[in-house]
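**Q** The sequence and its predicted three-dimensional model are supplied below.
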Amino acid sequence: MPWSNQSGGSGGSGGGGGGPWGQRGGGGNGGGPWGGGGPSGGNTPPDLEEIIRRGQDRLKNFLPGGNLGGPGLIIGVLFLIFVWFMTGWYIVRPNEVGLNLVFGKYIGKTGEGLNYNWPYPIGSVVKPQVTNVITTEVGFRTVESVRTSRQTDVTEESLMLTGDENIVDIDVIVQWKIDAGAPENYVFNIQDPPGTVKAVAESAMREIIGRRNIQPVLTTDRGVIETEVRQLMQDTLNTYRAGVQINLVQLQKVDPPQQVIDAFRDVQAARADQERLRNEAETYANRVVPESRGRAAQLIQSAEAFKDQTVNEALGQISRFNSVYEQYKNAPAVTRERLFLETMERVFGGMDKVILDQNGSGSGVVPYLPLGELGQPQRRPAGQTQQGGTR
C-alpha cells in the first residue's frame with residue numbers, strides 16, 4: 001500500500017526500511033529525498049517522511065483494525081474535520097461580550113452564553129469584560145503594600161494653571177468602563193485604552209481649570225468642575241471612538257502648591273474675617289435701617305397731623321375773623337367796644353387788680369394798698385391760665 005509503513009524487504013543490507021518513497025541505497029547515511037546528506041554537525045530541517053509516518057501511526061491506532069486505506073482514511077479525515085469544527089464553540093460569561101473575527105476582520109459581537117465562530121486559524125474570539133469598573137489616577141499614584149497603602153504625588157500631572165495665572169495642586173480619580181454598546185471600538189480603535197483615558201482626563205482637567213480663577217476652584221466650584229470635566233472627557237473619547245464610558249470624575253485634593261500653602265491659608269483667614277465683618281455689617285444694617293425707616297415714617301405722620309391741625313385752626317380763625325368782620329361792617333362802634341372788652345377780659349381775668357377811683361381823694365378818703373396780700377399768689381379758677389385764658 002503506498003501509505004503503508006512497511007519494514008524489511010528489498011532494502012538490501014544497507015537499507016534500514018522503506019518509506020513511501022524508499023531510501024537511497026549506498027549505505028546507511030542517506031535519508032529520504034529531504035534527508036540530511038551533509039555533515040552531521042549542523043542543524044537539519046525536519047524530516048517530512050518522519051512526520052508523515054507518525055501521522056499514519058496515530059491514525060492506525062485510532063481506526064479499527066489499523067486500516068488506513070479507502071473508507072478508513074475518509075472516516076479519519078472527516079473525524080478530524082468534525083473535531084476542528086467543534087473547537088469553534090465558546091462561552092461568554094455574564095460580564096463579557098464576545099467579538100468574532102474571521103481572518104482577523106471583525107464581523108460581529110455575541111452576548112452571554114454558548115456561541116460559535118469559525119475555529120482557529122480561520123476565526124478567533126476576543127472577550128472584553130464590559131462590567132468591570134476601572135479607576136485611573138491623575139496627579140498621584142497609590143502604592144499598595146502588604147498591610148497599608150500610601151499615595152505619592154506626581155507633580156508633573158497635578159500642578160495646573162488657573163485663569164488668573166495662579167497654580168493649584170489637583171489630584172483626580174476617574175472611574176470608567178468599556179462601553180457595552182460598542183466594545184469593538186475599545187478593542188480595535190485605540191492601542192492603549194488606560195493610557196488614553198489618563199491623557200484625556202489630564203487634558204480636560206487642565207482646560208476646565210484654565211477657564212476659572214483660583215478662588216472658585218478652591219472653594220465653591222468643585223462640583224461644577226467635576227461635571228464639566230466628565231462631560232468634556234466623554235465628548236473627546238466619543239470623538240476618538242474609544243468605546244469608553246466615563247462613570248465618575250472626583251477631585252481628591254485641590255490645594256495651592258506646597259511652597260505657598262501657608263501664605264494662602266493666611267489670605268484665606270483674612271478673607272474669612274472680611275466675610276464675617278461684612279455679614280455683621282449687613283446684620284446691623286438690616287436691623288437699623290427698618291428702625292430708622294419706622295421713625296422717619298412716624299415723624300412724617302406726626303408732621304402731617306400737625307400740618308392738618310394748624311391748617312384747620314387757621315381756617316377756623318379765618319372763619320371767625322370773617323364773621324367778626326361782617327358784624328364790624330354792620331356796627332363798627334359796637335363791635336370795637338365788644339372786642340376791646342373781650343380782650344381786656346382775657347388780659348385781666350386771671351390777674352390781681354387794684355382799682356383806684358381818681359375822684360376818691362377829693363372826698364377825704366385815704367387810699368389803702370394791702371401790699372402784703374398783693375405779694376401772695378392768688379388761687380385761680382381751674383382751667384384758667386395766668387392771662388385768664390381757658391386751657
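**A** Here it is on my side, so go on.
**Q** what helices or strands is the longest helix along the chain leaning on?
**A** In the chain, assigned by DSSP state H, the helix with the most residues is helix 261-330. Helix 261-330 sits against helix 332-348, with contacts defined as 3 or more Cβ pairs under 8 Å, 6 or more residues apart in numbering; DSSP states H and E. Just so you know, the C-beta spots here come from the backbone N, C-alpha and C atoms, and that holds for glycine as well.
**Q** Does anything pack onto the helix it packs on? Which helices or strands?
**A** Partner elements for helix 332-348 (3+ Cβ pairs under 8 Å, 6+ apart): helix 261-330.
**Q** what distance separates the helix it packs on from the centre of its chain?
**A** Distance of helix 261-330 from its chain centroid, counting by Cα atoms, centre = their mean, to the nearest Å, is 48 Å.
**Q** Equivalent analysis for stretch 166-173, please.
**A** 15 Å.
**Q** Tell me how far residue 123 lies from residue 308.
**A** 105 Å (Cβ to Cβ, to the nearest Å).
**Q** neighbour-wise, which of these two wins?
**A** residue 123 (19 against 10; other Cβ atoms under 10 Å).
**Q** Point me to the helix or strand that includes the residue most central in space within the chain.
**A** Centroid-nearest residue in the chain, with Cα atoms, centre = their mean: residue 223, separated by 2.7 Å. Assigned by DSSP states H and E, residue 223 belongs to helix 222-240.
**Q** Which neighbouring elements make contact with the following helix or strand past that helix?
**A** Downstream of helix 222-240, the next assigned helix or strand under DSSP H and E is strand 244-255. Secondary-structure packing of strand 244-255 (3+ Cβ pairs under 8 Å, 6+ apart): strand 167-178, helix 193-209, helix 214-218, helix 222-240.
**Q** Now do the buried residues in the second one.
**A** Within helix 193-209, the residues that count as buried by 16 or more other Cβ atoms under 10 Å are 193, 196-198, 200-202, 204-205, 208-209.
**Q** and which of these is nearest to residue 148?
**A** Using Cβ to Cβ, residue 198 is the member of the buried residues of helix 193-209 that lies nearest residue 148, at 24.6 Å.
**Q** Isn't that closest one up against residue 138?
**A** Yes. Between residue 198 and residue 138 there is a contact at 6.2 Å, judged by Cβ atoms under 8 Å.
**Q** Can you pull the residues that touch both of these two?
**A** Common contacts of residue 198 and residue 138 (Cβ atoms under 8 Å, 6 or more residues apart in numbering): residue 174.
**Q** Which one of the helices and strands packed on strand 244-255 has the poorest average confidence?
**A** For the helices and strands packed on strand 244-255, the weakest mean pLDDT is recorded on helix 214-218, namely a mean of 88.
**Q** Using PDB, write out every CA atom in that one.
**A** Only the C-alpha atoms of helix 214-218 are listed here, as PDB (Å, rounded to 0.1, in the frame of the first residue of the first chain):
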ATOM      1  CA  ILE A 214      -8.200  80.200  41.700                       C
ATOM      2  CA  GLN A 215     -10.700  81.200  44.400                       C
ATOM      3  CA  PRO A 216     -13.800  79.400  43.000                       C
ATOM      4  CA  VAL A 217     -11.600  76.400  42.200                       C
ATOM      5  CA  LEU A 218     -10.500  76.100  45.800                       C
END
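**Q** Residues touching stretch 79-93, excluding its own?
**A** 62, 98, 110-120, 123, 125, 127.
**Q** Check those residues and tell me the two furthest apart.
**A** Pairwise across these, and taking Cβ to Cβ, the largest span is found between 62 and 111, at 37.2 Å.
**Q** For residue 230, give its distance to residue 220.
**A** 18 Å.
**Q** ok, now residue 336?
**A** Distance from residue 336 to residue 220, by Cβ to Cβ: 88 Å.
**Q** likewise residue 161?
**A** Residue 161 is 20 Å from residue 220, by Cβ to Cβ.
**Q** Same drill for those two, tell me which one is more crowded.
**A** residue 161 (13 against 9).
**Q** Surely the more buried one is in contact with residue 208?
**A** No. At 11.8 Å, residue 161 does not count as touching residue 208 under the criterion of Cβ under 8 Å.
**Q** Among the helices and strands packed on strand 244-255, which comes closest to residue 265?
**A** Of the helices and strands packed on strand 244-255, the one closest to residue 265 (Cβ to Cβ) turns out to be helix 214-218, at 10.9 Å.
**Q** the strands in the stretch 51-200 of the chain, which residues?
**A** 89-92, 98-102, 105-110, 113-116, 123-126, 134-138, 140-144, 149-153, 159-161, 167-178 (DSSP state E, counting those that start in this stretch).
**Q** give me every residue that touches residue 163.
**A** Residue 163 touches 209-213, counting by Cβ under 8 Å, 6+ apart.
**Q** What's the ChimeraX line that selects buried ones from those?
**A** The buried residues among the contacts of residue 163 can be selected in ChimeraX (16+ other Cβ under 10 Å) with this line:
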select :209,212
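**Q** Columns distance to residue 143 on top of the contacts of residue 163, output as a markdown table?
**A** A markdown table is the format used below for the contacts of residue 163 (distance: Cβ to Cβ, whole Å):
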| residue | distance to residue 143 |
| --- | --- |
| 209 | 26 |
| 210 | 30 |
| 211 | 33 |
| 212 | 31 |
| 213 | 34 |
